[in-house]
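*Asks:* sequence plus the predicted model coming up.
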Amino acid sequence: LLDDQGVTRANQVRASPAKMARSKTALACPPKLEDYPPYSVATTAIFAFLMFSGWIASWLAQVVFTFTVGWFLSKPRLELWNGYLFRSLAAWPPSYLTPGIRTRKTATSWQPSREMIDGRKSVLVVANHRSFMDPFTLGAALLPLETKYVAKADLFDIPFGGWSMRRAGDLPVRFDKNKNQGWGTVKGSVSKLLLQATEHFTHGNSIIIFPEGTRMGYDLAKAQEAADHPSKLAPFKLPFFDLAKKLNVPVVCVAARGTDDVWPVGSNAMRPAEITIDVAEPLDPAAFADGQAIADAARDKIGQMYLALCRAE
């Protein structure tokens, strides 16, 4: 028989391999695919079913809503409600109903005001980016705050899912093949993107971005820059921070831990894991000299939050 201390030690021994793997991948810049636990066929199949069925359901719901209630709404309000439909039907089920995937938000996370939820006051949400799982998890976890996403233009052509993104008012950006300077975008694409973002902000719609520009581990040069910085995040791109300063839009920092444990870079298969989201109080752009200062503060803040989530495991 084991005493309480013996039981505790036995549990720690049994849990240590998984915890060691999570710690190793969480802080690696870049993480290695072979360091993640094995994928699960059941988790992958159910996630895919919920994702694809959610795309179809959200698009059908958007079409019905657009040609009924939508006739009486302005374009920004229609996109707000179509966004709610898309995030609720296509992001929430895979994040919260897939067996083996547990998504939770910290008890101390900031909660949006009624004005923000109703689309009468906008915020810019910025988050770290480690996985294709991030848009699903954050789209679900941030509800009832509905946020527009910046995504590759090619994604908007995907049947049902891309069509739903377009109706939701998400923001397409066209990348060039080299992606070796600035945003690595087709000339004029960022200007158009920022005009669309300005329209959203002006009408009270919120936007979420991944300012690192790509997932951790996808670009080795950026991963090295992250490794050399205390935040363990790649440098943040400036355009949206400059826009937030110009329009006086509060900046909400979000740290996501565990999304890459579910869906790591280099794999299309899912792994059972826990995802934790932490949301900080908004940064007031008026308290900063310029967009660069906001970007630096956001990078440091999200880095601190992410490392705190890692230490809490």
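*Replies:* All right, it came through fine.

*Asks:* so which residues of the stretch 51-200 of the chain form helices?
*Replies:* With DSSP state H, counting those that start in this stretch, the ranges of helices along the stretch 51-200 of the chain come out as 75-86, 92-97, 114-117, 134-141, 161-168, 189-202.

*Asks:* got the angle between the first one and helix 161-168?
*Replies:* Read it as helix 75-86. Interaxial angle of helix 75-86 relative to helix 161-168 (axes from the mean of the first three to the mean of the last three C-alpha atoms, to 10 degrees): 140 degrees.

*Asks:* any idea which of the helices of the stretch 51-200 of the chain gets closest to residue 28?
*Replies:* Ranking the helices of the stretch 51-200 of the chain by proximity to residue 28 (C-beta to C-beta) places helix 134-141 first, at 17.4 Å. Every residue, glycine included, has its C-beta placed from N, CA and C.

*Asks:* check what pLDDT residue 175 gets.
*Replies:* At residue 175, the pLDDT value in this model is 73.

*Asks:* kindly report the same for residue 152.
*Replies:* 89.

*Asks:* hey, what's it bridged with?
*Replies:* Beta-bridge partners for residue 152, by DSSP bridges, are residue 173.

*Asks:* can you give me the neighbour number for it?
*Replies:* Other residues near residue 152 come to 12 when the count uses other C-beta atoms under 10 Å.

*Asks:* just confirm it contacts residue 171, I think it does.
*Replies:* No. At 10.6 Å, residue 152 does not count as touching residue 171 under the criterion of C-beta atoms under 8 Å.

*Asks:* which residues does the closest residue to residue 218 other than its chain neighbours contact?
*Replies:* Spatial nearest neighbour of residue 218, chain neighbours left out: residue 265 (5.4 Å); criterion: C-beta to C-beta, 6 or more residues apart in numbering. Neighbouring residues of residue 265 by C-beta atoms under 8 Å, 6 or more residues apart in numbering: 30, 31, 33, 130, 131, 215, 216, 217, 218.

*Asks:* how about residue 28, nearest residue that isn't a chain neighbour?
*Replies:* For residue 28, ignoring the flanking residues on the chain, the nearest one in space by C-beta to C-beta, 6+ apart is residue 35 at 7.2 Å.

*Asks:* so what pLDDT did the one you found get?
*Replies:* What the model reports for residue 35 is a pLDDT of 92.

*Asks:* count of neighbours near it?
*Replies:* 13.

*Asks:* how near is it to residue 265?
*Replies:* Separation of residue 35 from residue 265 (C-beta to C-beta, to the nearest Å): 12 Å.

*Asks:* for the protein, which spans come out with low pLDDT?
*Replies:* Counting by pLDDT under 70, the ranges of the chain that qualify are 1-23, 176-186.
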